[in-house]
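# Need coordinates for the following:
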Amino acid sequence: MARAKHIVGWISVVLLVVTLASIWMLTEQSVEQTSSLSESTAHVVEGQSASLQPETAGETQAGDAAGDADSATTAAHPDPLAPVRMWMGINIRRIAHTVEFFFVGLFASSAAVCLDKRMLLTRLRCVPVLAFCAVCSVGDQVHKIFVPGRHFDVIDLGFDATGYVVAMLLVLLVSVLVQRATCPIGAHARR
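Numbers count the residues shown, from 1 in each chain. Take a look at the predicted model:
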């Protein structure tokens, strides 16, 4: 068990480094590059809702019964996720920050839990991991200042925090569950 935990810890360290390097490279992109990436990602996210939109008036299907049936089906069964997809498409950069820093928090927390030989309480490990993630988030925003056309965005810090805090809570929950599952019977009462 200890060997597997140690291996998971070092894999988490490697994945954390890869994630931080990826964030660095994305931040280094010019305004045009990052806008292009955001737009193409937004089109993919919005793609399904756009494909379910009713056809425009200029595209008539005169005499095509199958086409009329498809239009009626689309109107009768609107995509319930269309508003969510549209919101995600509009806010794709904000969501990207949350996803990026979810992985930072996930790998940093996993490394802290798996590589700590002192066996501190899991909750105590959260403080340095939280500080590390916050420093990485602020560092990413400061990095933007030095990229032409980019700027420090305080709102992004909130989206970053949402990502790494959710990841940390997930790792904390899994850690506590694993700790309880591997604890000898009766040991829970002594804590």
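# Check the offset of whichever strand or helix holds C133 from the chain's centre.
Assigned by DSSP states H and E, C133 belongs to helix 122-145. Offset of helix 122-145 from its chain centre (Cα atoms, centre = their mean, to the nearest Å): 15 Å.
# Could you double-check that T41 lies in contact with R93?
No: counting by Cβ atoms under 8 Å, T41 does not reach R93; the two are 9.0 Å apart. C-betas here are computed from N, CA, C, even on glycine.
# quick check: longest helix of this structure.
Determined from DSSP state H, the single longest helix within the chain is helix 154-182.
# Spit out the contact partners of F102.
Taking Cβ atoms under 8 Å, 6 or more residues apart in numbering as the criterion, F102 is in contact with 163-164, 166-167.
# Could you do W10 as well?
111, 115.
# Look up how far A167 lies from the residue nearest to the spatial centre of the chain.
Nearest residue to the geometric centre of the chain (Cα atoms, centre = their mean): V99, 1.5 Å. From V99 over to A167 the distance is 10 Å, taken as Cβ to Cβ, to the nearest Å.
# if we can go back for a sec, from the contacts of F102, which two are the most distant?
Y164 and V166 (7.4 Å; Cβ to Cβ).
# what do these two both touch?
Joint contacts of Y164 and V166 (Cβ under 8 Å, 6+ apart) are 102, 105.
# Looking at those two, which has the bigger crowd around it?
Y164 (26 against 15; other Cβ atoms under 10 Å).
# you'd agree the more buried one is up against V99?
No: counting by Cβ under 8 Å, Y164 does not reach V99; the two are 10.8 Å apart.
# Now for these two: what residues contact both?
By Cβ under 8 Å, 6+ apart, no residue touches both Y164 and V99.
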